[in-house]
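Novice: using only what follows, build the 3D model:
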Amino acid sequence: MLISAGWMGGAGGAERALYSILRSLQQDEVDVVVRHRLDGEWSRATSARVALVDSPHWWGAGHEQGIKGRILQRVVNPARRLVHPRYDLYLQFLSGAFVAPAARASVRLLIPSGNQVPEHIADRFDAVAMQAPDNESLVPTSTRAVLLAPPVFDLAREAEPPAVALPDAFLLTVFNPYDPIKGMQDLAAVLATAPLPLVWCHSEATVKFEIPASLLEHPRIVHVTDANPAQLRHLYERCAAYVSFSLTEGFGWSAADALRYSPAVATRRIGLFSDEAAWRQPGVLTVGDDGGIDWKQLLGEACPPSRRDLGVIDGRTFRARLTEIVESFDG
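Specialist: Next up is the predicted model:
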């Protein structure tokens, strides 16, 4: 298998998806091409062969313009295709470089990662691999779409507290406010009515953003920056409830982690939770269209996460579904 992605490592959803997909494919032969690679647990834990996009084997693979493009497409890429193995699958994240012309692949799939897929990009692939049912709105109507939810593994084997003093009881949210769709306005609006202080985790490892001073210094917010996976697990397990303020998600990794670890989850019916199998799990409550949350109901319906059926995000489910999709094209 050949996978192309923007980043390996980092805290974003696409980076987490790459890590989880690679973990589920440990027994397979996988080549990965990335634009950037950061150090850290989510970068190291893979048996795949990893190369940067500007390495000799992949540089300029998708370039088509001018004399350079003609040389790459007519001379260099055909030579590369002879050197590289034949892949059963080419899987590209929308943020990744288009390196398929430098390789032979039986099936090409594109993961949109919550972004709208332009038709001219979709035309390069056999199908768009949606991470959740509501991703259908991201796919051009003329393009085939398949459902391929990524697997969600344990964040870490053990939890460890962050180096920040935490309240005895707290609500938790984990997101980077780089876009209004992440719901920072809704967060600000609920502070006056929330029954507990809010711990807010964010990271600028792969994306920069600004938090208004009114929230950065708010007395009811505890900020945790660049938490590692073990610290995130501690926060998910210790919180009274997890709250997702997002207006839309490609998948929603933070809320998916909360489904595994936290006693209660408040979210809109987006991303993973547009799948009925996730939405109907105990302890999952809705965030209203206006951002409203029934705090009494949320905390009252908290339950041990062990009561939930996590088959929808299981690594074995992902591997079986991926095989099914590839074989459907062979037929």
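Novice: longest helix of the protein?
Specialist: Assignment by DSSP state H gives helix 315-330 as the longest helix of the chain.
Novice: list the buried ones in it?
Specialist: Residues 315, 318, 319, 321, 322, 325, 326, 329 are the ones in helix 315-330 that count as buried (16 or more other CB atoms under 10 Å). In this view, the C-beta of every residue, glycine as well, is placed from N, C-alpha and C.
Novice: can the residues you listed go into a markdown table with extra columns for distance to residue 247 and pLDDT?
Specialist: Compiled in a markdown table, the buried residues of helix 315-330 are given as follows (distance: CB to CB, whole Å; pLDDT from 0 to 100):
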| residue | distance to residue 247 | pLDDT |
| --- | --- | --- |
| 315 | 29 | 77 |
| 318 | 26 | 90 |
| 319 | 31 | 89 |
| 321 | 27 | 93 |
| 322 | 29 | 94 |
| 325 | 29 | 95 |
| 326 | 33 | 94 |
| 329 | 34 | 89 |
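Novice: which two of the residues you listed have the greatest separation?
Specialist: Within the buried residues of helix 315-330, 315 and 329 form the most distant pair, 22.4 Å apart (CB to CB).
Novice: sorry, back to before: counting by contacts, list what the longest helix of the chain packs against.
Specialist: With contacts taken as 3 or more CB pairs under 8 Å, 6 or more residues apart in numbering; DSSP states H and E, helix 315-330 sits against helix 13-24, strand 86-93, strand 104-111, strand 145-147.
Novice: so of those, which one's packed in deepest?
Specialist: Greatest average neighbour count among the helices and strands packed on helix 315-330 goes to helix 13-24 (a mean of 24), per mean count of other CB atoms under 10 Å.
Novice: I'd like the next helix or strand past that one.
Specialist: Next in sequence after helix 13-24, counting helices and strands by DSSP states H and E, comes strand 31-37.
Novice: what mean pLDDT does that next one have?
Specialist: Across strand 31-37, the average pLDDT comes to 92.
Novice: okay, angle between it and helix 13-24 too, please.
Specialist: Strand 31-37 runs at 150 degrees relative to helix 13-24, counting by axes from the mean of the first three to the mean of the last three CA atoms, to 10 degrees.
Novice: which parts of strand 31-37 are buried?
Specialist: By neighbour count on 16+ other CB under 10 Å, the buried set for strand 31-37 is 31, 32, 33, 34, 37.
Novice: elements contacting it?
Specialist: Taking 3+ CB pairs under 8 Å, 6+ apart as contact, the helices and strands that strand 31-37 lies on are strand 2-8, helix 13-24, strand 49-52.
Novice: can I get those in JSON lines including mean pLDDT and distance to residue 205?
Specialist: JSON lines is the format used below for the helices and strands packed on strand 31-37 (pLDDT from 0 to 100; distance: least, CB to CB, whole Å):
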{"stretch": "strand 2-8", "mean pLDDT": "93", "distance to residue 205": "9"}
{"stretch": "helix 13-24", "mean pLDDT": "89", "distance to residue 205": "9"}
{"stretch": "strand 49-52", "mean pLDDT": "88", "distance to residue 205": "18"}
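Novice: and those: which comes nearest residue 101?
Specialist: Proximity to residue 101, assessed across the helices and strands packed on strand 31-37 by CB to CB, is greatest for strand 2-8 (11.4 Å).
Novice: what packs against the closest one?
Specialist: Under the contact rule (3+ CB pairs under 8 Å, 6+ apart), strand 2-8 is packed against helix 13-24, strand 31-37, strand 86-93.
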